[in-house]
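Colleague: Structure of the sequence below:
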Amino acid sequence: MVLALGSLWVACVIGFTFGTRSGGGPAVNLALLDLANPADLIDFLLNMAMFAPGGILLAVPRTGLWPASALAFLGSLAIEVTRYLTASGRTADINDLLSNTLGCTAGYACAAAVGKAAHEIGRRQRYAHEVDTLSRR
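Modeller: Purely as a prediction, here's the structure:
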């Protein structure tokens with residue numbers, strides 16, 4: 001199931017990344033995010049949202065925060081380099097690299113926190129059941 005969801009997510013990322021043409025901007029953008037420009041900020045947040053599911057999927061096998069972040073960085077770097085080398089009409093953007101990595105890392109952190117909370121709730125319920133069982137004897 002995780003493999004199927006991961007494959008679907010990768011297909012969507014590739015479709016969004018290469019399936020649409022850009023406005024014909026520069027081939028490379030190395031200027032950091034302009035927080036005063038709402039369009040740049042929205043693009044940054046949407047890229048984070050697009051990569052958050054990747055982090056959630058990496059949390060399932062408990063990859064670890066740093067390895068998940070490194071995989072996100074390398075995957076995003078591969079996308080940006082491919083954009084540049086193939087002259088796909090899309091800009092290879094440093095902000096995409098940052099937002100994709102942060103989105104995946106945030107997704108991983110959220111999923112790991114939920115997993116840890118669920119584990120703790122289960123542990124407390126088992127403990128309460130044990131105490132209840134022992135007190136009835």
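Colleague: contacting residues around stretch 68-82?
Modeller: The contact list for stretch 68-82 (C-beta atoms under 8 Å, 6 or more residues apart in numbering) reads 13, 17-18, 51, 54-55, 58-59, 63, 88, 92-93, 96-97, 100-101, 103-105, 108. C-betas here are computed from N, CA, C, even on glycine.
Colleague: Check stretch 115-126 too.
Modeller: Contacts for stretch 115-126 (C-beta under 8 Å, 6+ apart): Ala59.
Colleague: tell me the mean pLDDT over it?
Modeller: Stretch 115-126 shows a mean pLDDT of 88.
Colleague: could I get that stretch in PDB with only the CA atoms?
Modeller: This file holds the C-alpha atoms of stretch 115-126, laid out as PDB (Å, rounded to 0.1, in the frame of the first residue of the first chain):
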ATOM      1  CA  GLY A 115       3.100   8.000  15.300                       C
ATOM      2  CA  LYS A 116       4.900   8.600  18.600                       C
ATOM      3  CA  ALA A 117       1.700  10.000  20.200                       C
ATOM      4  CA  ALA A 118      -0.300   6.900  18.900                       C
ATOM      5  CA  HIS A 119       2.400   4.600  20.400                       C
ATOM      6  CA  GLU A 120       2.200   6.500  23.700                       C
ATOM      7  CA  ILE A 121      -1.600   6.300  23.800                       C
ATOM      8  CA  GLY A 122      -1.400   2.500  23.100                       C
ATOM      9  CA  ARG A 123       1.200   2.100  25.800                       C
ATOM     10  CA  ARG A 124      -0.900   3.900  28.400                       C
ATOM     11  CA  GLN A 125      -4.000   1.900  27.500                       C
ATOM     12  CA  ARG A 126      -2.100  -1.400  27.900                       C
END
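Colleague: next one: it to chain centre, how far?
Modeller: The chain centre lies 25 Å from the centre of stretch 115-126; the measure is C-alpha atoms, centre = their mean, to the nearest Å.
Colleague: Work out which residue lies at the spatial centre of the chain.
Modeller: Cys104 (2.0 Å; C-alpha atoms, centre = their mean).
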